[in-house]
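Peer 1: Structure, please.
(2 chains)
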Protein chains: 2
Amino acid sequence: MLLSVMIEQMAKEAKAASRQLRRIGRGQKDAALELMAKRLMDKKSDIIKENQKDLTSAKAAGLSVAMIDRLALDEKTITAMSEGLKEVAALPDPVGEVTGMWLRPNGLQVGRVRIPLGVIGFIYESRPNVTVDAASLCLKSGNSVILKGGSEAIHSNIALAALLSDALNETGLPPKAVQVIPSTDREAVNILIGLDEYLDVIIPRGGEGLIRFVTEHSRVPVLKHYKGVCHVYVDKSADLETAKKVCFNAKVQRAGVCNAMETMLVHQEIANVFLPEMIKVFQDAGVEIRGCPKTQALTDGVIPAQEADWPEEFLDLILAVRVVSDMDEALDHIERYGSNHTEAIITKDYDHAQRFLAEVDSSVVLVNASTRFNDGNQLGLGAEIGINTSKLHAFGPMGLNELTTTKFIVHGQGQLRS
Amino acid sequence: MLLSVMIEQMAKEAKAASRQLRRIGRGQKDAALELMAKRLMDKKSDIIKENQKDLTSAKAAGLSVAMIDRLALDEKTITAMSEGLKEVAALPDPVGEVTGMWLRPNGLQVGRVRIPLGVIGFIYESRPNVTVDAASLCLKSGNSVILKGGSEAIHSNIALAALLSDALNETGLPPKAVQVIPSTDREAVNILIGLDEYLDVIIPRGGEGLIRFVTEHSRVPVLKHYKGVCHVYVDKSADLETAKKVCFNAKVQRAGVCNAMETMLVHQEIANVFLPEMIKVFQDAGVEIRGCPKTQALTDGVIPAQEADWPEEFLDLILAVRVVSDMDEALDHIERYGSNHTEAIITKDYDHAQRFLAEVDSSVVLVNASTRFNDGNQLGLGAEIGINTSKLHAFGPMGLNELTTTKFIVHGQGQLRS
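Peer 2: Numbering: from 1, shown residues only, chains lettered A, B, ... in the order given. Take a look at the predicted model:
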């Protein structure tokens, strides 16, 4: 079959399945998730066998050790996927929540109720466990999903999707609610993002090239994650012990992720006390420091920061450091070079804390806490399908609620418009 | 100056203005809106003079009487625009509302607070009063706006924008928060929708061709309104007097709008009692009826409905009528031919009412009330910038809240991620 015909057929079936899903209550969805969790454990060896095919191809194609590591499934990772399914089953169902209801002067009772988005296209390049994570969150929120994973994981993904569909079928849910595109052709992405008649949203997760391509060409609305150039501003009134711990955690606890600190801004009045010690701690942990001239003057072993370092998402043990003359300069720096992702202030000054919270235009703004808390689980959303860096629909981490929308319901007694 | 250079410059200035707007409280925004209202009344004759230029060109270009009528500004329409500004000033400010706040087990206090979207691109083909309406709603919600109106209204729009900017300036707000693109070149749309570095959302309002073009080519997220193929389903348990009044209101009160009924679905058990009288009432009001075979058999003067009539948005005194054997058939019809805009059921049956509200996947679903209530003002949103027919961000009518998003704010005491 032609790829385009096949994918359109999948989209049609996904839409039909989404209509059925709208009517299905929490109990049945949770039963399907629980059965998926069980089946994953039962069929571990089958999944690992399919995963071996991917690993063999990956090695033959000369993929890096890191990539092969991300691709590999074993008893432990499959158990973690199974546990993840049970955790999603335990979360509250967002569908059906009435988020507000009010009475109009003419007697109309107007409410807003949460409903699924419909059909989600999920495009990703990462580990096969994302297949199960994404499918479980889409299902729990009442959405159908079409998954387009990386070509290197094709056998794993097809096997996982078959297992998930079987569990749907056995629990009386539409098996086409979860589908993996069984093709490694990159053209599949192009076809999928054109199907605005059937899809309600595209969520791409992967490198900047993929995100850019999808954003430029999609006819379906896109919820996307660009980069996280996250800042911590150490105010002159900061508790310096807190500053040291939070900055270290924000940079070093996991350097390769979007919510890690990339630039530290330090008020000039505390720089001579704070910076020498802080930078030494970083350097002892293997962090390369790229500093402004004032930073260089106060500390040793600092590489001069270039203009290109300020907007850079290093995703590595590299930190840009800048001494600022006041909070305005810090806010200006963030406005100019930041990516509206996550910024934190370390301060004991109430007014500065309030001003930072009010003026910084980022999806998560923190006072005296690590930037690493920009995460759906950490912030209490229960789960996370990703972080949205554009402002529409859901700015920041997206949990189950963010995979829904609301419609208006109106109870009348024959009201007419005049 | 090159058009692309000019529009990019406008976008940059709009973004800078939006940063200032974020910090400005309700009092100052309302003062600007009030001053705009006053200036409109003071400068009526100047505005009308500029509008005359547009009318002269329109007549020379042979535009239809209806189009010229939509374009014309007079004392009455300008007074209405001025009153509209005062009404927006009287609405609550959505910015700063904390929509929720909770405590995490680690002591982090996490909240969500409403913030402006940032910079809005508003593309429209309609009357010059939309310039003032859209600008006032964007300003009240803390957003900058770049307006691209129809070329036939260019002199009116430039004059109105200058008046609005002057009022912003006089009240200490950034004058670039409201800008009209001073060009009739259609290429301006193409340039604007490519500026994803500066714009946060594009709202197009106009014909299907414009909407389709913007959706296909925009790099900026789009909130769009497609068509409204709205249905009323008259259930077998309906109060027939209520049904008659609501159906008549839904079709005839204003036929040329998106929330008017286009198809009436009637349960077969009441069709022989309800339809002959209802159809006569419609025909007496000049409504052309396109009916299914059963409708034709029960009534006179009915044109046989073609398959193409069911998904059609007539926007005119034309109504498609179909007799259905039960509620399932009505729901299937709506699912197949509807546009997820507005549907109503007329019923006295509690279970049917509940099922209709739950299963119909439209932005507004009503029981015993006219479809014409799908409107931000009517539903109690206070004002309306448009109706969104895609599910992302805000499904249905959009008021001031829907021109905002939320960010997360976090109060910590030195918490680290482990």
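
Peer 1: a helix runs through A:His231, doesn't it?
Peer 2: No. Using DSSP: H, G, I helix; E, B strand; the rest coil, the secondary structure at A:His231 is strand, not a helix.

Peer 1: Report the contact partners of it.
Peer 2: A:Met261, A:Glu262, A:Thr263, A:Met264, A:Leu265, A:Ala330, A:His333, A:Ile334, A:Gly338, A:Glu343, A:Ala344, A:Thr371 (CB atoms under 8 Å, 6 or more residues apart in numbering or on different chains). Heads up, the C-betas are built off the backbone N, CA and C, glycines and all.

Peer 1: would you say the second one is within a strand?
Peer 2: In other words, A:Glu262. Yes. Membership of A:Glu262 in a strand is supported by three-state DSSP.

Peer 1: I figured it hits A:Leu319, correct?
Peer 2: Yes. Counting by CB atoms under 8 Å, A:Glu262 sits close enough to A:Leu319 to count as a contact (7.0 Å).

Peer 1: Can you report how many residues neighbour A:Arg336?
Peer 2: If you count neighbours by other CB atoms under 10 Å in any protein chain shown, A:Arg336 ends up with 9.

Peer 1: just the strands in the stretch 101-250 of chain A please.
Peer 2: A:109-116, A:119-124, A:144-148, A:178-180, A:201-205, A:230-234 (DSSP state E, counting those that start in this stretch).

Peer 1: closest one to B:Glu152 among those strands?
Peer 2: strand A:201-205 (35.6 Å; CB to CB).

Peer 1: which residues sit against that closest one?
Peer 2: Strand A:201-205 is contacted by residues A:117-118, A:120-126, A:130, A:134, A:192-193, A:210-211, A:214-215, A:218, A:220-225, A:385-386, B:391-392 when judged by CB under 8 Å, 6+ apart.

Peer 1: Distance of A:Gly338 relative to chain B?
Peer 2: Remark: distance between A:Gly338 and chain B (CB to the nearest CB, to the nearest Å) = 12 Å.

Peer 1: Neighbours of the residue nearest to that residue when sequence neighbours are not counted, how many?
Peer 2: Leaving aside its chain neighbours, A:Gly338 sits nearest to A:Val229 (5.6 Å; criterion: CB to CB, 6 or more residues apart in numbering or on different chains). By other CB under 10 Å, 23 other residues sit near A:Val229.

Peer 1: Same question for A:Gly25.
Peer 2: If we define neighbours as other CB under 10 Å, then A:Gly25 has 11 of them.

Peer 1: quick one: contacts for the residue in the stretch 251-400 of chain A that chain B sits nearest to?
Peer 2: Proximity to chain B, evaluated over the stretch 251-400 of chain A using CB to the nearest CB, is greatest for A:Ala369 at 2.8 Å. The contact partners of A:Ala369, taken as CB under 8 Å, 6+ apart, are A:Val246, A:Ala344, B:Leu108, B:Val410, B:His411, B:Gly412, B:Gln413, B:Gly414, B:Gln415, B:Leu416.

Peer 1: again with A:Leu357
Peer 2: A:Val365, A:Val367, B:Val113, B:Ile409.

Peer 1: Okay, and it sits in which element?
Peer 2: helix A:350-359 (DSSP states H and E).

Peer 1: Could you chop chain A up by domain?
Peer 2: As given by automatic domain parsing, the domain ranges for chain A are A:3-224+A:397-410, A:230-378.

Peer 1: Can you say which of the ones you listed is nearest to B:Gln9?
Peer 2: Comparing those by CB to CB, domain A:230-378 comes nearest, at 17.6 Å.

Peer 1: distance between the ends of that closest one?
Peer 2: With CA to CA, to the nearest Å as the measure, domain A:230-378 spans 17 Å from end to end.

Peer 1: Could you check how far it is from the centre of its chain?
Peer 2: Computed by CA atoms, centre = their mean, to the nearest Å, the chain-centroid distance of domain A:230-378 equals 22 Å.

Peer 1: again with stretch A:136-148
Peer 2: Put simply, stretch A:136-148 sits 15 Å off its chain's centre (CA atoms, centre = their mean).

Peer 1: Those residues of the stretch 201-350 of chain A touching chain B, which are they?
Peer 2: The stretch 201-350 of chain A has residues A:201, A:215-216, A:219, A:221-223, A:239, A:242, A:245-246, A:249, A:253-254, A:335 near chain B, with proximity defined as CB under 8 Å from any CB of the partner chain.

Peer 1: related to what we said a few turns ago, how about the helix holding A:Leu357 as PDB, C-alpha atoms only?
Peer 2: Extracted in PDB, the C-alpha atoms of helix A:350-359 (Å, rounded to 0.1, in the frame of the first residue of the first chain):
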ATOM      1  CA  TYR A 350      10.800  40.000  49.500                       C
ATOM      2  CA  ASP A 351      10.400  42.800  46.900                       C
ATOM      3  CA  HIS A 352      13.000  41.300  44.600                       C
ATOM      4  CA  ALA A 353      11.400  37.800  44.900                       C
ATOM      5  CA  GLN A 354       8.000  39.300  44.000                       C
ATOM      6  CA  ARG A 355       9.400  41.300  41.200                       C
ATOM      7  CA  PHE A 356      11.300  38.400  39.700                       C
ATOM      8  CA  LEU A 357       8.100  36.200  39.800                       C
ATOM      9  CA  ALA A 358       6.100  38.900  38.200                       C
ATOM     10  CA  GLU A 359       8.400  40.100  35.400                       C
END
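
Peer 1: between it and strand A:230-234, how many degrees?
Peer 2: 160 degrees (axes from the mean of the first three to the mean of the last three CA atoms, to 10 degrees).

Peer 1: What's the first helix or strand after helix A:350-359?
Peer 2: Using DSSP H and E, the helix or strand that follows helix A:350-359 in sequence is strand A:364-369.

Peer 1: That following strand pairs with which strands, and in what direction?
Peer 2: Taking DSSP bridges as the criterion, strand A:364-369 forms sheet pairs with strand A:342-346 (parallel), strand B:404-415 (parallel).

Peer 1: Now do the strands for the stretch 251-400 of chain A: every range, in order, please.
Peer 2: Taking DSSP E, counting those that start in this stretch as the criterion, the stretch 251-400 of chain A carries its strands at A:261-267, A:288-291, A:303-304, A:318-324, A:342-346, A:364-369, A:386-388, A:396-398.

Peer 1: What strands flank the shortest one, and is each parallel or antiparallel?
Peer 2: Under the criterion DSSP bridges, strand A:303-304 sits next to strand A:288-291 (parallel) in its sheet.

Peer 1: Okay, helices next: where are they in the stretch 1-150 of chain A?
Peer 2: A:3-22, A:26-42, A:44-60, A:65-71, A:75-90, A:129-140 (DSSP state H, counting those that start in this stretch).

Peer 1: CSV please, covering these and showing mean neighbour count, mean pLDDT and distance to chain B.
Peer 2: CSV is the format used below for the helices of the stretch 1-150 of chain A (neighbours: other CB atoms under 10 Å in any protein chain shown; pLDDT from 0 to 100; distance: least, CB to the nearest CB, whole Å):
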stretch, mean neighbour count, mean pLDDT, distance to chain B
helix A:3-22, 19, 96, 6
helix A:26-42, 19, 98, 14
helix A:44-60, 16, 96, 29
helix A:65-71, 14, 89, 21
helix A:75-90, 17, 96, 16
helix A:129-140, 25, 96, 14
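
Peer 1: so which of the ones you listed gets nearest B:Leu400?
Peer 2: Across the helices of the stretch 1-150 of chain A, B:Leu400 has its closest neighbour in helix A:3-22 (29.3 Å, CB to CB).
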